[in-house]
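Visitor: Show me how the following folds:
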Amino acid sequence: MTAKTGSQQRAAGPFGWRTVTPLVMGSALNPVNSSLIATALVPIAAALHIPVGRTAILVSSLYLACAIAQPTAGKLAEEFGPRRIFLAGIVLVLLGGVVGGLGHNLTVLVVARVLIGAGTSGGYPSAMVIIRRRSHQAGLGEPPGSVLGSLAIAGSATVAIGPPIGGLLVGGLGWRSAFLLNVPLTAVALAMALAWIPRDEQPAAGRRIAEVATRIDLGGIALFGGMLAALLVFLMSLPRPGWVALAISAVLAALLVAWELRAARPFIDLRLLASARALTRTYLRLGLTLLGVYVVLYGITQWMEAARGLSPEQAGLVLLPLGAVAAFVSYPVSRRNLVRGPLIACAFFMLLASVAALFITGHSPVIALVGVMVLFGVVVGTTSVGNQTALYLQSPPENVGTASGLSRTFGYIGSIASATITSIVFHARVSDAGLHDMALILVGVAAVVLLMTLLDRQLSRGSKALSSATPSSPGPKKDVAQASGRGERAVRTAVATTSAGTRPDPPVRWRKAGQGGTRD
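Guide: Below is the predicted model of the structure:
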């Protein structure tokens, strides 16, 4: 046998570029579509002859679909194979792009956004399942930092470059390009996934529909979706609240809790969230941080176009430093698998940027807007890396797909809240006063995130455990297998540390309650 060249080894290894590239591409479709439409909302309103405020449904409908579909896709990936779910999601995104590009009214565009949201939801949880399984097959306790870092960049930098890309496309080709861009993107992602992602094992034959429904908890999915839909109706009714929708959401929430506590394979493992408080705090921290990020991407973008008078291209270019800084910050931090430091920096810069936004007016120079975007770029880059690494440490290995999807659901709930805040403060008109109201809300949210991070003692333990597992200088010449023994031991140590010991956090159980025992 002939020896493989270095490039062949890098392509064919457990985390070679042929495996990682389609995972990054598929995972990036969701954040790009989340933010791409930001600069298209005002032109869509003008083209369809509707108020700008009504276009908020294009934002919230995608997030509602994602909030339901992300953990569902994680469940399906664990049950039927991550490659199958990954490919099915890409096809749905392609369909949504075509429907939106040909749509002529708001209803059709909402349908397109729901298809895109459901389809892009398959990328990230499927990628996490693939990474976890390939790590196990290769005898690694954790994947190389660059692998998780690539996904972090796909989720942070790409969400920030969506508005600049959207601004250029909408300015040059019209608002339909914000949908049609998905056609070439999904074609490339589909080709790479078919060629480079290894095939899944065949699912167990002969399973009945009832058994499958139980394994993925269709009842829990339906209750969760109904609860979120009713809550969204209530939030969108503000500042004239629709109390009936809120009451329906509360009733469905109570039914969801009762159902999930009795489910053999719960859609949302409430016992895990109650016992693994470190994981729950990671979810809450991520949701609050993304609330602030999306207020900037949608609220400040609308303000720049409607109040500051910038064109979609100009508004997109102002947002460009946000994506550039996010990518610049994400990569070196992700290589070291840091947790606590990036999250403290995230909260601090979020507070600083929110205070700075209080002093922005319609007469402020563009360079002042760019400065605020640079600060929020640090927020985007650090939150994705820190929270993703914390999630990887705190999630049971056998449920990493569901846990990853649920983390995105918390993020989307924060994003839905951001759309609600934007629609309320700009309800009458887009103005400086509304911008400052948004900034005040963000100051309060950032203060809460900072306190949560500083007081979370589990984060420092996770950081120390990960640092002991990661080579100090992970250059390209390092053999991944070299760190496998240390990584395995360190992750076990991290889990034991996270789950062990100080009040008020009880042990993190890696098996569902009632099954007995904990994972070694």
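
Visitor: Count the neighbours of the residue nearest to I130 when sequence neighbours are not counted for me.
Guide: For I130, ignoring the flanking residues on the chain, the nearest one in space by CB to CB, 6 or more residues apart in numbering is P82 at 4.8 Å. Every residue, glycine included, has its C-beta placed from N, CA and C. Applying other CB atoms under 10 Å, we find 27 residues neighbouring P82.

Visitor: In this structure P82 contacts R134, no?
Guide: No - with contact defined as CB atoms under 8 Å, P82 does not reach R134; the gap is 10.2 Å.

Visitor: ok, now which ones touch the residue nearest to the spatial centre of the chain?
Guide: In the chain, the centroid-proximal residue (CA atoms, centre = their mean) is R408; its distance is 4.2 Å. R408 sits next to N30, C66, A67, Q70, P71, S121, Y124, P125 when contact means CB atoms under 8 Å, 6 or more residues apart in numbering.

Visitor: any idea which of these is least confident?
Guide: For these, the weakest pLDDT value sits at P71, with 78.

Visitor: Quick check: that residue touching L406?
Guide: Yes - taking CB under 8 Å as the definition, P71 is a contact partner of L406 at 4.6 Å.

Visitor: what's the overlap in contacts for those two?
Guide: Common neighbours of P71 and L406 (CB under 8 Å, 6+ apart) are I268.

Visitor: which sections of this structure are below the confidence cut-off?
Guide: Confidence mapping of the chain against pLDDT under 70 gives the ranges 1-14, 141-146, 149, 152-160, 203-214, 334-335, 337, 397-402, 405, 460-520.

Visitor: what about the nearest residue to P239 once chain neighbours are set aside, distance to D437?
Guide: Leaving out its chain neighbours, the residue that sits closest to P239 by CB to CB, 6+ apart is I424, at 5.6 Å. Distance of I424 to D437, given as CB to CB, to the nearest Å: 8 Å.

Visitor: what do you get for I161?
Guide: 28 Å.

Visitor: more neighbours, these two?
Guide: The neighbour comparison of I161 against D437 (other CB under 10 Å) goes to I161, with 23 against 17.

Visitor: which element is the more buried one on?
Guide: helix 145-173 (DSSP states H and E).

Visitor: Can you name every helix or strand that the following helix or strand past that helix contacts?
Guide: Per DSSP H and E, the first helix or strand lying C-terminal to helix 145-173 is helix 177-180. Judged by 3 or more CB pairs under 8 Å, 6 or more residues apart in numbering; DSSP states H and E, the packing partners of helix 177-180 are helix 82-102, helix 106-120, helix 145-173.

Visitor: Tell me which of these sits nearest to S330.
Guide: helix 145-173 (4.7 Å; CB to CB).

Visitor: centre of the chain versus the helix or strand where F410 lies, how much separation?
Guide: Under the criterion of DSSP H and E, F410 resides in helix 400-425. How far helix 400-425 lies from its chain's middle: 8 Å, per CA atoms, centre = their mean, to the nearest Å.

Visitor: Buried residues, that helix. List them.
Guide: Neighbour-count burial for helix 400-425, counted by 16 or more other CB atoms under 10 Å, picks out 400-425.

Visitor: can you check stretch 325-345 too?
Guide: So stretch 325-345, judged by 16+ other CB under 10 Å, has buried residues 325-331, 333-340, 342-345.

Visitor: now do stretch 299-310
Guide: So, applying 16+ other CB under 10 Å, buried residues of stretch 299-310: G299, I300, T301, Q302, W303, M304, E305, A306, A307, R308, L310.

Visitor: Please enumerate residues in contact with that stretch?
Guide: 38-39, 41-42, 52, 163, 311-312, 314-315, 318-319, 357, 362, 369, 372, 418, 421-422, 425-426, 430-432, 434-435, 438.

Visitor: if you set the cut-off to 7 Å instead, what comes out?
Guide: Contact partners of stretch 299-310, identified using CB atoms under 7 Å, 6 or more residues apart in numbering, comprise 38-39, 41-42, 52, 163, 312, 315, 318-319, 362, 369, 421-422, 426, 430-432, 435, 438.

Visitor: Can you tell me which of these are buried?
Guide: Of the contacts of stretch 299-310, these count as buried by 16+ other CB under 10 Å: 38-39, 41-42, 52, 163, 312, 315, 318-319, 369, 421-422, 426, 430, 435, 438.

Visitor: could you dump the helices and strands packed on helix 177-180 to a markdown table with distance to A264?
Guide: Below are the helices and strands packed on helix 177-180 laid out as a markdown table (distance: least, CB to CB, whole Å):
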| stretch | distance to A264 |
| --- | --- |
| helix 82-102 | 21 |
| helix 106-120 | 26 |
| helix 145-173 | 31 |
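
Visitor: Which one, of those, ends up nearest to P184?
Guide: Of all the helices and strands packed on helix 177-180, helix 82-102 comes closest under CB to CB, at 9.2 Å.

Visitor: now the angle from that closest one to helix 106-120?
Guide: 160 degrees (axes from the mean of the first three to the mean of the last three CA atoms, to 10 degrees).

Visitor: Identify the residues contacting helix 82-102?
Guide: In contact with helix 82-102 (CB under 7 Å, 6+ apart) are residues 26, 29, 73, 76-77, 108-109, 111-113, 115-116, 118-123, 126, 129-130, 176, 179-180, 182-183, 186, 189-190, 193, 197, 199-200.

Visitor: circling back to that earlier point, give the next helix or strand downstream of the helix holding F410.
Guide: helix 432-455.

Visitor: Packing partners of that next one?
Guide: helix 277-294, helix 340-357, helix 400-425 (3 or more CB pairs under 7 Å, 6 or more residues apart in numbering; DSSP states H and E).

Visitor: that older thread, only whichever of the contacts of helix 82-102 are buried, select them in PyMOL.
Guide: Typed into PyMOL, the line below selects the buried ones among the contacts of helix 82-102, using 16+ other CB under 10 Å:
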select buried, resi 26+29+73+76+77+109+112+113+115+116+118+119+120+121+122+123+126+129+130+176+179+180+182+186+189+190+193+197+200
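
Visitor: Just confirm P43 contacts S177, I think it does.
Guide: No - here P43 lies out of contact with S177, judged by CB atoms under 7 Å, at a distance of 10.4 Å.

Visitor: what is the orientation angle of whichever strand or helix holds E78 with helix 82-102?
Guide: Assigned by DSSP H and E, E78 belongs to helix 56-80. Between helix 56-80 and helix 82-102, the angle comes out at 160 degrees (the same axes, to 10 degrees).

Visitor: Many thanks, I have nothing further to ask.
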